[in-house]
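> Fold the following, please.
(3 chains)
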Amino acid sequence: MIGKRFWSLFAVALGGIYFLLPLAGMVDFSMRMKRGEYSFEAYRIVLADPQFQQTFLYSVVLALLTIVLGILLVVPTAYFVRLRLPGLRPVIEFITLLPLVIPPIVIVFGYIRIYNTSSILPLTGTWLGTNLLLLFGYATLALPYMYRSVDTGLRTIDIASLTEAAQSLGAGWARILTVVILPNVFVSVLSGAFLTFAIVIGEYVFAALLNVNSFGPYMVWMGGNRAYEPSALAVVAFAITWACMGLIQLVTRFSKFSTARR
Amino acid sequence: MAFLDIHHLEKAFGATRVVKDFNLGIEKGEFVSFLGPSGCGKTTVLRMVAGFETPTSGAIRIDGRDVTGLPANRRKIGMVFQAYALFPNLTVAENIGFGLKVAGEDKASIARRVAEMLELIGLPQLGARYPFQLSGGQQQRVALARALAPRPQVLLLDEPLSALDAKIRISLREEIRRIQQDLGITTIFVTHDQEEALSISDRIVVMHQGIADQVGTPFDIYNRPATRFVAEFVGTLNLVDVDVVEAANGRVRLGEVPVVLNRPLSARAGERISLALRPETVALGRTEGHDVVLAGRIAEVHFLGSVIRIRVTVGGQSLSLDTFNQPDRPPPAVGASVEVSISDRDLLVLAA
Amino acid sequence: MTTSAASLPAALRPRQLIHWIGVAPFFLFATLFLILPTLNIVIGAFRNPQGQVTLENLGKLLSPSIRSAFWISIELSLLTAALGCLFGFLIAAAITLGDLPRWLRNGIITFSGVASNFAGVPLAFAFIATLGRLGFVTMLLRNWFGINLYGSGFSIVSFLGLALTYLYFQIPLMVLIITPALEGLRREWREAAESLGASGAQYWRMVALPVLWPSLLGTLALLFANAFGAVATAIALTGSSLSIAPIVLFAQIRGDVLNDPHLGYAIAFGMIALTAIANGIYILLRMRAERWVK
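Residues are numbered from 1 along each chain as shown, chains lettered A, B, ... in the order given. The predicted model follows:
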């Protein structure tokens, strides 16, 4: 009994060393660009690079579009499955698990074979088509996270009563979904959205294989050609991941307060 | 010395003292209930006996041996929990045999003992089932068998019936008592249900704010409550305001009716005090031996089946009384004028 | 009107129809962008360029270079999944059962959420900056302790380096999944076991681990798939100097090596097959382990 606390601290401390050293290394390295002193030179160069600005902005927009598409796909489905089509639940759960099981590189390979220039739907032939395909690919990657968080959100509210109440007041399905259901699962949707953002923003394989110059391929290119800037980029990416996870914590905590007050 | 001896037991969590100077001796084979509201410290005492909590001070002895510093797994104590706590990954038989298996007994004797225990709890055909396949009552029987299988010195039951339906609760409680008496095992039973405690125990410890208010047989506890808390917590109670006329002999006036208690009172003449009265000691109409007769009016009638509870307004005070249902005599109507009678011996003088 | 509506199959009545319309976009999307692409690969693996059914492509998987790439991938995934499970379990056990302050537990859970998603390219950069030839730890060991990491044969661009890097997202993922399972262990089980005379080790062996077993297996399978499909980290870390299955496939798709799409199909199929087998084993074991809840 006396040793329990000691061993726990020991395990956590060992883990702490392993997990903090790479962060320290990355921060340290990113600031060593000028010989003999710590500086933010690498960050300055990266942030001023028009390539960075362009690819980063592109990835942000794409991530936001992925979130919107994800919501449009997942919210009505999860809602109807929970409310009226419970028999479909195993099917939906299986489908939404697939992106975790099938390696993403296989999925994108399939895209290239099906939607190439010589196919019925030659998406890869045009600028718009390629970008759409990348968007769909990211939405596929995000499915497990989006579905799980929305479904968890729906479980905590009584959607059957909410729906009946709205119907008795004369609302149609579209209105029920947008005005009644969505606001009530908004926090869960946000959690899924931030997670999606964190996954999509630096994604490499899909973008590289579809020849789209987004933030992921930009980082790899930097990694092959520069010494200190990649570390600065890693710090930026790490900060974004932290921000996304922090925001998830924040909205979840906020939702706990608002439900407690009810 | 008693078989299980609890000596000046204290427990504090931080600054809050949850158990204060708790003393109790339990004889071998005795069935003792700890009765009290939630947070009174009864479960904490039980958990200290089991070895799950360490006392702040005091000692616990079982059969003359000091077990205060002994870890739970060396105390030879059987424990039954409120939420069954069966191991979900083991069958009923494996659950019951768990204690024997960790003690290193051979397979044949484990199997024999398990069969014996299954017979004892009346579920001989369910050995191969998993806990989730059993009803709550069956799970708790299995938990009892599991606790008893290694032949513990003491059996501890922590609100074992609280999670069950009313009907099963009564039948299982009778079964627990039967098994306890068959095996003659020393038992502590923790409950917040006074009816449970009264029906099942040799002795009851009524606990309140970490203190044992009264220790006694169910009959004593119910009929001669030592404190106001015990009187109010155990059973239903009428509180009657009386004016003290003379303290030494206990002469008081109930409204206009003089009553002699023949007990000295601590209050002085002219003061108003409360006396307690069980509803079943109040009779409707005049009865032999009930010297105090009061006039009143029926305020409420609650038909409870075998018992009818009637509230009567007597001189501005409200009095509950219980009578048995008699098919040929319907209860009086609300608003009717009646006489009620009581015996001065049934009036309880309560310490604060 | 009512009679005609009633005679229709249940799914086609107007009210029910709208429910199906509600889920239709999802199914359309999943078919087009998840199921068809995967099926295309699976079927392609069994076809030759002329469209005839053949096992020739799969036979190419047995060539020494591709076979070894798969072996390294399997070893890497198994090793990092197993170690991830082990260390993740220890950390999760420490924060749930170890009597540690609440803030430490919450902090570790949040950090695990971050670290499990901090995969891919930036993670590789962080490890290069730490254990690369001029990395933070490499220099620290050389300057302070006189240990020459690279002189002793270590390289971040190696199996060991890759494994160390993968653990950075494997361990936190395990922590995230197993912590709720550990919190689901009821205190009464432990107390019941103790009062029946069991030691702590006996409680873990006979009750706690069997109860956790399905979650442990599931996480192992998930971590395996997670490592097996990780491409970006490997590419950013090693370029293509370490030949693991997903990197070979990546190069194949890019057309850097041979322009034989059907070999690509076969490699991709091999990857799906392996993750499917991993999950199949998991489902089987789980069904066996969970007799007590089914």
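
> Where does the prediction get shaky in the stretch 151-294 of chain C?
For the stretch 151-294 of chain C, residues meeting the criterion pLDDT under 70 lie at C:256-259, C:289-294.

> which residues touch A:F254?
A:F254 is in contact with A:V187, counting by Cβ atoms under 8 Å, 6 or more residues apart in numbering or on different chains. To be clear about C-beta, it is placed using only N, CA and C from the backbone, and glycine gets the same treatment.

> What helix or strand is residue 43 located in?
Because you didn't say which chain, this covers chain A. helix A:41-48 (DSSP states H and E).

> hmm, I had chain B in mind actually
Assigning secondary structure by DSSP H and E places B:T43 in helix B:42-50.

> so after that helix, what's the next helix or strand?
Remark: after helix B:42-50, the chain's next helix or strand is strand B:57-62, criterion DSSP H and E.

> name the element C:L39 belongs to?
helix C:36-44.

> got the buried residues for that helix?
Under the neighbour-count criterion of 16 or more other Cβ atoms under 10 Å in any protein chain shown, helix C:36-44 has C:37-38, C:40-42, C:44 buried.

> Please say whether there is contact between it and chain A.
Yes. Helix C:36-44 reaches chain A (Cβ under 8 Å from any Cβ of the partner chain) through C:36-41, C:44.

> Pretty sure B:K101 sits against B:I110.
Yes. Between B:K101 and B:I110 there is a contact at 6.2 Å, judged by Cβ atoms under 8 Å.

> List the contacts of residue 18.
All of this is about chain A. With the criterion set at Cβ under 8 Å, 6+ apart, A:Y18 makes contact with C:167-168, C:171.

> wrong one, chain C
Taking Cβ under 8 Å, 6+ apart, we find C:I18 in contact with A:W173.

> Mind listing what's buried along the helix or strand hosting it?
Assigning secondary structure by DSSP H and E places C:I18 in helix C:14-30. Of all the residues in helix C:14-30, those buried under the rule 16+ other Cβ under 10 Å are C:19, C:22-23, C:26-27, C:29-30.

> ok, and the closest non-adjacent residue to whichever residue of the stretch 101-250 of chain A sits closest to chain B?
The stretch 101-250 of chain A approaches chain B most closely through A:R155 (21.7 Å), counting by Cβ to the nearest Cβ. Nearest non-adjacent residue to A:R155, counting by Cβ to Cβ, 6 or more residues apart in numbering or on different chains: A:R82, 7.7 Å away.

> Equivalent analysis for B:A276, please.
Nearest non-adjacent residue to B:A276 (Cβ to Cβ, 6+ apart): B:L348, at 4.1 Å.

> roughly how far apart are that neighbour and chain C?
According to Cβ to the nearest Cβ, to the nearest Å, B:L348 and chain C sit 40 Å apart.

> Show me where chain B has its helices.
B:42-50, B:92-102, B:107-120, B:136-148, B:166-183, B:194-200, B:218-223, B:228-233 (DSSP state H).

> export those helices to CSV and tack on mean pLDDT and mean neighbour count?
Converted to CSV, the helices of chain B look like this (pLDDT from 0 to 100; neighbours: other Cβ atoms under 10 Å in any protein chain shown):
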stretch, mean pLDDT, mean neighbour count
helix B:42-50, 93, 23
helix B:92-102, 94, 24
helix B:107-120, 94, 16
helix B:136-148, 94, 24
helix B:166-183, 92, 15
helix B:194-200, 92, 19
helix B:218-223, 91, 17
helix B:228-233, 86, 20
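
> Can you say which of the ones you listed is nearest to chain C?
helix B:92-102 (3.5 Å).

> I figured B:I310 was touching B:G296, is that so?
No. With contact defined as Cβ under 8 Å, B:I310 does not count as touching B:G296 (10.0 Å).

> most centrally placed residue in the chain?
Since no chain was named, I'll use chain A. Closest residue to the average C-alpha location of chain A: A:T196 at 1.5 Å, with Cα atoms, centre = their mean.

> think we crossed wires, I meant chain C
C:N226 (2.1 Å).

> do the helix or strand hosting that one and chain A meet?
C:N226 is part of helix C:209-228 when elements are defined by DSSP H and E. Yes. Using Cβ under 8 Å from any Cβ, helix C:209-228 reaches chain A at C:222, C:225-226, C:228.

> Tell me the one among the residues you listed nearest to B:S320.
B:S320 lies nearest to C:L222 out of the residues of helix C:209-228 next to chain A, by Cβ to Cβ, at 64.3 Å.

> And for the closest one, the neighbour number?
Look at C:L222: counted by other Cβ atoms under 10 Å in any protein chain shown, it has 24 neighbours.

> Now do it against chain B, distance only.
Per Cβ to the nearest Cβ, C:L222 is found 22 Å from chain B.

> Quick check: that residue touching C:Q170?
No. Under the criterion of Cβ under 8 Å, C:L222 makes no contact with C:Q170, lying 9.8 Å away.

> Adding distance to chain A, write the helices of chain B out as a markdown table.
Shown next, in a markdown table, are the helices of chain B (distance: least, Cβ to the nearest Cβ, whole Å):
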| stretch | distance to chain A |
| --- | --- |
| helix B:42-50 | 15 |
| helix B:92-102 | 19 |
| helix B:107-120 | 30 |
| helix B:136-148 | 23 |
| helix B:166-183 | 29 |
| helix B:194-200 | 34 |
| helix B:218-223 | 38 |
| helix B:228-233 | 33 |
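
> of all of chain B, which residue lies closest to chain A?
B:P71 (8.4 Å).

> I'd assumed B:G51 was in contact with that residue.
Yes. Contact criterion Cβ under 8 Å: B:P71 and B:G51 qualify, at 6.0 Å.

> Now list whatever residues contact both of these two.
By Cβ under 8 Å, 6+ apart, the residues touching both B:P71 and B:G51 are C:E194.

> Compare the two and say which is more crowded by neighbours.
B:G51 (22 against 13).

> Quick check: closest non-adjacent residue to that one.
Nearest to B:G51 is B:A72, by Cβ to Cβ, 6+ apart, at 3.3 Å.

> Let me know how buried the one you found is, in neighbour terms.
So B:A72, with other Cβ under 10 Å, has 23 neighbours.

> tell me the contacts of C:A236?
For C:A236, the contacting residues are A:204, A:219-220, A:223, C:120-121, C:124-125, by Cβ under 8 Å, 6+ apart.

> If we use 10 Å, what do you get?
For C:A236, the contact set (Cβ atoms under 10 Å, 6 or more residues apart in numbering or on different chains) comprises A:204, A:216, A:219-220, A:222-224, A:230, A:234, C:120-125, C:127-128, C:165.

> SS state for C:A276?
The three-state assignment at C:A276 reads helix, by DSSP: H, G, I helix; E, B strand; the rest coil.

> can you tell me how far it sits from A:I67?
Computed as Cβ to Cβ, to the nearest Å, the C:A276 to A:I67 distance reads 30 Å.

> the more surrounded of those two?
Comparing C:A276 with A:I67 by other Cβ under 10 Å, the one with more neighbours is A:I67, at 23 against 13.

> Looks like that one contacts A:Y138 (just checking).
Yes. Counting by Cβ atoms under 10 Å, A:I67 touches A:Y138, with 9.4 Å between them.
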